[in-house]
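Peer 1: Just a sequence and a predicted model for now, questions to come.
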Amino acid sequence: MIGILIFPDFQLLDAAGPISVFEIAARASGKPLALRVLAAKAGLVRSSSGVEMMARDLKSANAITTLVIAGGAGVAEAARCEVTRAFVQRLAKRGVRVASVCSGAFVLAEAGLLDGRRATTHWGRTREFVARYPRVKFEPDQIFTRDGHVWTSAGISAGIDLALAMVTEDDGEEIAQATARQLVLYHRRSGGQSQFSSLLELKAPNGRFGALLSWARENLDAPLTVEELADRAGMSARHFARAFAAETGTTPSKAVERLRLEVARERVQSSREAIELVAETTGFRDPERMRRAFIRAFGQPPQALRRAARTG
């Protein structure tokens, strides 16, 4: 049985996302859905959006084999709650698979379950988390982490990725793929992927150069020189370079490299493609050039990120 732990001012999607994944996976596998929403106090629990969710009390958790803890604006108070901490500790000691979504990691950390373990949380809480919990092996740029029976995920929608990974473990790849299709997800993200999208990081990703950047992302094997991009934008190279920097906050060449890095990292971590082939098809051409770019951006070469993704 799966338990979803919520508290006053929880983030609704932190709970609803994983619930939907487990519901659809149960339907796809033909198994009955065994899931309970739990809270320190039974009854209607108000989320930060004002929408309420009905929860049972913690005494209803005897059959729980997986516990997913939501995050949200009320997480600090939930993490200080002795009843909640003792409950989470008791389940973990029993061998239950425990997980957090977004800032729910603060509850796990306060319960001492992340000491010496790999973990992540929402990027916006990184500084606070690291300062508060120095014994955690914090990995700020991960979609989700798994260290033994303890799982953590990044912000909000990453809880869906975490839940899909659990479905893969419990029911197999075919059911997980069917669940992702039913959810109309573009693709399933591996745990080692970055929390950030290169396009979203730009100052104006949907501005007048949005379509050009989307085209560039689909054609990374092309040279994508400033002259080529300017020609496609219908501008002189000099005017294009100035306008692009003013619009996006970066140069065309740096934007292209970030797009190449994002796609290359995804393929390095989630496929068995040869590093040389990844370098060739993402426009780096030379594996050494890609290696240097990875070290600048991620602090590690491609091979190290692939090993870490497989281990995680």
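Peer 2: Looks like it came in fine. Numbers count the residues shown, from 1 in each chain.
Peer 1: so where's the stretch 51-200 of the chain shaky on pLDDT?
Peer 2: Applying pLDDT under 70 to the stretch 51-200 of the chain flags the ranges 141, 186-200.
Peer 1: So which residues of it form strands?
Peer 2: 52-55, 66-69, 97-100, 118-119, 137-138, 144-147, 150-153 (DSSP state E, counting those that start in this stretch).
Peer 1: Tell me how many other residues surround Ala131.
Peer 2: Close neighbours of Ala131, defined as other C-beta atoms under 10 Å, add up to 8. Where C-beta positions appear, they are placed from N, C-alpha and C, glycine not excepted.
Peer 1: hang on, the earlier thing: so which of the strands of the stretch 51-200 of the chain is nearest Ile160?
Peer 2: Evaluated with C-beta to C-beta, those place strand 150-153 nearest to Ile160, the distance being 8.7 Å.
Peer 1: quick one: contacts for Ala15?
Peer 2: Applying C-beta atoms under 8 Å, 6 or more residues apart in numbering, we find Ala15 in contact with Ile4, Ile6, Val37, Ser47, Met53, Val68, Ala70, Val101.
Peer 1: Redo the residues you listed as JSON lines? Include distance to Phe87.
Peer 2: Formatted as JSON lines, those follow (distance: C-beta to C-beta, whole Å):
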{"residue": "Ile4", "distance to Phe87": "13"}
{"residue": "Ile6", "distance to Phe87": "13"}
{"residue": "Val37", "distance to Phe87": "14"}
{"residue": "Ser47", "distance to Phe87": "20"}
{"residue": "Met53", "distance to Phe87": "18"}
{"residue": "Val68", "distance to Phe87": "13"}
{"residue": "Ala70", "distance to Phe87": "14"}
{"residue": "Val101", "distance to Phe87": "17"}
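Peer 1: so which of those residues is the most crowded?
Peer 2: Val101 (35 neighbours).
Peer 1: related to what we said a few turns ago, distance to Gln89 for the strands of the stretch 51-200 of the chain - can I get that in TSV?
Peer 2: Listed next are these as TSV, based on distance: least, C-beta to C-beta, whole Å:
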stretch	distance to Gln89
strand 52-55	20
strand 66-69	11
strand 97-100	10
strand 118-119	16
strand 137-138	20
strand 144-147	16
strand 150-153	12
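Peer 1: now for these, which one comes closest to Ala165?
Peer 2: Counting by C-beta to C-beta, Ala165 lies closest to strand 144-147 out of these; the figure is 6.6 Å.
Peer 1: partner strands of that closest one, parallel or antiparallel?
Peer 2: According to DSSP bridges, strand 144-147 forms sheet pairs with strand 150-153 (antiparallel).
Peer 1: gap between the residue positioned nearest the centre of the chain and Ile160?
Peer 2: The chain has Ile143 as the residue nearest its centroid, 2.4 Å off, counting by C-alpha atoms, centre = their mean. To Ile160, Ile143 is 10 Å away according to C-beta to C-beta, to the nearest Å.
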